[in-house]
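Q: Give me a 3D structure for the following:
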Amino acid sequence: MAGLKHAPLPAVALDNITKTYASGGSKQPVLRAVDLEIAAGRFIVILGRSGSGKSTLLNLIGAMDRPSAGEIRVDGITISNMPERERTLFRRSHLGFIFQAYNLIPTLNVLENVALPLVLNGIIETTQAHSMLDELGLGHKAQAAPAALSGGEQQRVAIARALVHAPGLILADEPTGNLDVDTARTTVALLDDLVRRRGQTLIMATHSREVIGYADRVLTIEDQRLVDV
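A: Numbers count the residues shown, from 1 in each chain. Okay, here's the model as predicted:
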């Protein structure tokens with residue numbers, strides 16, 4: 001009917017997701033019957049100890065792995081059964097990734113590392129990469145090698161790389177794990193400000209409770225299930 005408004009699609013929707021791995025001739029569940037909806041523009045934290053399934057969950061949402069059962073949708077697009085090539089293209093255009101180990105390419109300078117998602121999407125011009133570095137206070141480091149930067153600077157480069165192609169969803173896996181407490185706090189505050197101003201959705205997996213104050217919602221994995229904290 002005219003005049004009716006449809007509710008916006010969630011940025012992420014998981015329906016009855018189960019993930020198992022073969023181990024010693026049997027199947028070991030990591031996630032069981034996980035249901036989740038995340039509205040666009042929210043900052044979600046997933047707490048949990050190492051091995052609890054946080055990274056597995058991010059890999060599923062990030063189209064780097066497939067669930068054993070259930071359906072995953074990102075921006076209304078079902079990704080759980082996509083062919084590999086389509087998943088690769090989807091990751092390049094829709095997602096940004098931030099890792100604990102930074103994963104910067106040592107043979108590329110800072111600018112080239114940040115511009116990499118653009119290059120993979122066929123964009124050779126580097127204005128966006130320069131702008132991201134300027135916004136993160138690293139414009140003067142554009143020609144530096146990653147090894148010449150501090151840990152905090154390397155993680156800011158990784159953040160710039162994750163955001164430069166304007167993805168709707170950012171996935172961060174223990175992004176402060178290699179940083180000292182003060183640098184970690186500054187990095188999370190910076191990331192929170194950047195994604196909120198852009199209306200992007202951020203899902204961060206971490207064992208650190210210091211990030212809770214920034215989150216719109218905090219979840220944890222208990223007995224292979226996702227529950228609110």
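
Q: Could you use CA atoms for every contact and neighbour count after this?
A: Fine.

Q: Strands of this protein, residue ranges please.
A: Ranges of strands within the chain are 12-23, 26-38, 43-47, 69-74, 77-78, 95-99, 169-173, 201-206, 217-222, 225-228, based on DSSP state E.

Q: could you dump the ones you listed to CSV with distance to Leu179 and mean neighbour count?
A: As requested, the strands of the chain are exported to CSV (distance: least, C-alpha to C-alpha, whole Å; neighbours: other C-alpha atoms under 10 Å):
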stretch, distance to Leu179, mean neighbour count
strand 12-23, 29, 17
strand 26-38, 28, 16
strand 43-47, 18, 24
strand 69-74, 30, 20
strand 77-78, 35, 14
strand 95-99, 12, 23
strand 169-173, 13, 23
strand 201-206, 13, 24
strand 217-222, 22, 18
strand 225-228, 27, 16
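
Q: May I see these arranged in TSV, with mean pLDDT and distance to Leu60 as well?
A: As requested, the strands of the chain are exported to TSV (pLDDT from 0 to 100; distance: least, C-alpha to C-alpha, whole Å):
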stretch	mean pLDDT	distance to Leu60
strand 12-23	94	9
strand 26-38	93	11
strand 43-47	96	14
strand 69-74	97	8
strand 77-78	96	12
strand 95-99	96	12
strand 169-173	97	11
strand 201-206	96	12
strand 217-222	95	15
strand 225-228	94	14
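
Q: Export the ones you listed as TSV, with columns for distance to Leu191.
A: Formatted as TSV, those follow (distance: least, C-alpha to C-alpha, whole Å):
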stretch	distance to Leu191
strand 12-23	19
strand 26-38	18
strand 43-47	10
strand 69-74	21
strand 77-78	26
strand 95-99	10
strand 169-173	10
strand 201-206	9
strand 217-222	16
strand 225-228	23
